[in-house]
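Engineer: Task: produce atomic coordinates for the following.
(one chain, ligands or ions: 1)
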Amino acid sequence: MAINPPVDATQTKAWAALQDHFQSLQDEGIDLRAWFANDPQRTEKLSFEAGDLHFDLSKNLIQPETLSLLAQLGREVKLDERIESMFKGEHINNTEDRAVLHTALRMPEEDRGSLVVDGQDVVGDVRDTLKRIYAFADQVRSGEWTGVSGKRITTVVNIGIGGSDLGPVMAYEALKPYADAGISARYVSNIDPNDLAEKTRDLDPETTLFIIVSKTFTTLETLTNARQARSWLLDHLKAQGAVDGSDAQSAEAIRKHFIAVSTALDKVEDFGIDPTNAFGFWNWVGGRYSVDSAVGTSLAITIGPERFEEFLAGFNAIDRYFRDTPLEENVVALMGLLNVWYVNFFGAHSHAVLPYDQYLHRFPAYLQQLTMESNGKSVRWDGTPVTSMTGEIFWGEPGTNGQHAFYQLIHQGTRLIPADFIAFANTPNPAKDEDQDVHELFLANYFAQTKALAFGKTADEVRAEGTDESIVPARVFTGNRPTTSILGDDLTPRSLGELIALYEHITLTEGTVWGVDSFDQWGVELGKKLAKEITPAISQDDQALAAQDQSTRSLIEFYRAHRH
Ligand SMILES: O=P(O)(O)OC[C@H]1O[C@](O)(CO)[C@@H](O)[C@@H]1O
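Structural biologist: Numbering: from 1, shown residues only. Okay, here's the model as predicted:
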């Protein structure tokens with residue numbers, strides 16, 4: 001398929017200007033203390049609002065001019081055009097010849113009919129599917145939908161992997177305070193049988209609903225776990241006397257305890273799940289961009305349709321901001337471009353995301369798939385090699401746990417690790433420790449860390465504390481360690497939707513500069529294929545074993561010799 005080749009960012013005028021700018025910053029000395037001292041308006045100039053979120057970029061290794069140059073880079077690589085192409089449904093995922101329309105998943109009811117792509121009324125289909133999901137969610141929440149023995153559902157178990165797991169589990173954990181119908185959710189992803197065993201161990205099959213989520217409905221892990229769950233359900237229902245084991249009762253049990261989410265609804269039916277209880281989505285939704293589609297059904301059930309709509313509205317607010325705001329003022333695009341600044345000019349390899357909110361404890365894991373499956377590429381969308389480093393290793397843990405684990409390296413190590421600090425002004429669990437508000441104690445850490453990273457502590461300051469000269473060097477903090485602070489009022493379905501959309505669009509922005517297709521994932525295929533080929537060699541097929549390379553053969557031989 002004919003596509004416009006990506007602009008080589010490294011050949012643009014803006015790239016050359018950024019190189020000069022980088023060099024002059026190095027020459028004059030990067031010094032956040034001085035930059036703040038010399039410019040009382042620095043924070044004001046480098047702060048932004050988008051949706052309900054507040055962004056402070058002033059503790060980054062940038063001057064206001066840097067952002068203008070980065071915006072210029074965005075223009076020269078035609079970022080605006082790519083954003084527009086995505087929103088309009090052009091096939092920007094060209095290696096799979098697909099539109100990229102996760103933004104349509106959160107368009108409101110009144111936008112029905114406004115986006116027709118490849119003959120499909122995209123928003124109409126999205127809203128129709130949501131209606132069905134909401135109707136089903138309401139039935140489960142109200143107790144109208146029961147298990148086969150007439151008991152109401154109290155646990156939903158989502159079985160999926162990658163995008164069919166990471167988004168829903170992250171969002172469910174983040175929005176636990178909104179789970180108000182007495183229904184909890186669990187998430188099984190790993191093909192390691194330990195995962196399903198532990199997640200079902202204390203469950204009552206009569207009150208459990210499984211949601212099998214797989215875009216393709218071919219994924220080995222998910223289908224294996226789904227079959228295992230089906231056996232678990234039928235065996236336990238029979239043992240409890242809830243069914244007699246006849247085919248008719250088994251079929252009814254599966255109908256009442258299994259629903260599915262997929263783009264391949266024919267395969268769902270083959271599995272034995274009633275197509276009336278299957279919710280579809282479309283090949284223009286990438287797995288890692290799908291939490292706001294039917295993939296979020298576990299969320300719609302636990303927090304309810306109204307809250308799910310608020311979640312979608314949050315995404316939509318950032319989508320509109322991203323599409324409509326000029327690049328120079330567009331903090332979403334600027335954060336993506338800032339990441340390029342660190343990767344390609346400073347040589348940073350990784351990026352920490354540090355949520356100061358325990359409810360966001362799965363957010364970094366979610367971002368790993370979103371960003372690394374999207375931009376971990378060595379060829380551009382026209383098949384030519386990339387011309388610069390691409391991709392960042394995203395990682396993180398919630399504060400303050402990370403402070404007592406890996407922050408040492410961020411503060412005093414030899415690597416530059418740009419970090420996003422995320423926090424909310426309010427907590428749903430206010431607490432006092434004697435007279436001290438515990439949330440404020442927590443936030444004091446949030447503010448203190450970015451301050452320490454930016455401004456450090458000089459040798460003279462260390463000496464002034466009476467430190468023995470021999471250990472002064474060990475206690476010096478260089479500072480100039482870049483951070484972005486993101487603050488919101490409360491972690492709500494809406495603000496969570498905003499945060500997710502923010503990182504989705506950061507990912508697109510970076511991918512556009514690097515010229516990569518951020519929506520395919522061919523890199524996961526080879527391992528899947530080899531696992532299939534290796535399976536017989538592991539169990540008993542000696543011919544298949546002999547066909548392996550020497551290292552793999554020797555490892556399998558070790559396994560065979562040691563298995564019980
Ligand atoms: O939803 P599916 O089709 O089961 O795929 C699960 C995951 O597998 C991948 O294709 C590869 O890991 C992801 O992109 C996707 O989210």
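
Engineer: Give me the distance between the spatially closest residue to P205 that is not a sequence neighbour and A229.
Structural biologist: Leaving aside its sequence neighbours, P205 sits nearest to H236 (Cβ to Cβ, 6 or more residues apart in numbering; 4.2 Å). Just so you know, the C-beta spots here come from the backbone N, C-alpha and C atoms, and that holds for glycine as well. Applying Cβ to Cβ, to the nearest Å, the value for H236 to A229 is 11 Å.

Engineer: So for these two, which sits in the more crowded spot?
Structural biologist: Using other Cβ atoms under 10 Å as the criterion, H236 and A229 rank with A229 on top: 22 against 17.

Engineer: what does the model give the more buried one for pLDDT?
Structural biologist: Per-residue pLDDT puts A229 at 98.

Engineer: for the ligand, what are the nearby residues on the protein?
Structural biologist: Contacts of the chain with the ligand, taken as Cβ under 6 Å from any ligand atom, map to 160-164, 214-216, 219, 222, 287-288, 373, 521, 524.

Engineer: run the last query once more with 5 Å
Structural biologist: 162-164, 214-216, 219, 222, 287, 521, 524 (Cβ under 5 Å from any ligand atom).

Engineer: Widest-spaced pair of those?
Structural biologist: The span of the residues of the chain next to the ligand, defined through Cβ to Cβ, is set by T222 and Q521 at 15.8 Å.

Engineer: Compare those two (neighbour count), which wins?
Structural biologist: More crowded of T222 and Q521, by other Cβ under 10 Å: T222, with 25 against 21.

Engineer: does the more buried one belong to a helix or a strand, and which?
Structural biologist: helix 220-239 (DSSP states H and E).

Engineer: Against which helices or strands is that helix packed?
Structural biologist: Judged by 3 or more Cβ pairs under 8 Å, 6 or more residues apart in numbering; DSSP states H and E, the packing partners of helix 220-239 are strand 155-159, helix 193-200, strand 208-213, helix 247-257, strand 258-262, helix 525-539.

Engineer: next helix or strand past the fifth one?
Structural biologist: It stands for strand 258-262. Per DSSP H and E, the helix or strand that comes after strand 258-262 is helix 265-271.

Engineer: Would you mark the buried spots in that following helix?
Structural biologist: Across helix 265-271, burial judged by 16 or more other Cβ atoms under 10 Å covers 267-268, 271.

Engineer: ditto for stretch 409-416
Structural biologist: Buried residues in stretch 409-416 (16+ other Cβ under 10 Å): 410-411, 416.

Engineer: of all those, which comes closest to L299?
Structural biologist: I410 (32.3 Å).

Engineer: what about that closest one, distance to T10?
Structural biologist: Taking Cβ to Cβ, one finds I410 at 29 Å from T10.

Engineer: So out of everything in the stretch 301-450 of the chain, what residue is nearest the ligand?
Structural biologist: With Cβ to the nearest ligand atom as the measure, E373 is the residue of the stretch 301-450 of the chain nearest to the ligand, at 5.8 Å.

Engineer: That residue: neighbouring residues, count only.
Structural biologist: E373 has 22 nearby residues by other Cβ under 10 Å.

Engineer: cool, and V7?
Structural biologist: 19.

Engineer: I'd like to know which elements the helix or strand bottoming out on mean pLDDT in the chain is packed against.
Structural biologist: Sorted by mean pLDDT, DSSP states H and E, the helices and strands of the chain end with helix 265-271, the least confident at a mean of 90. Using 3+ Cβ pairs under 8 Å, 6+ apart, the elements in contact with helix 265-271 are strand 258-262, strand 278-280.

Engineer: what domains does the record give for the protein?
Structural biologist: In terms of domains, the chain is parsed into 9-90+325-520, 102-307, 525-562 (source: automatic domain parsing).
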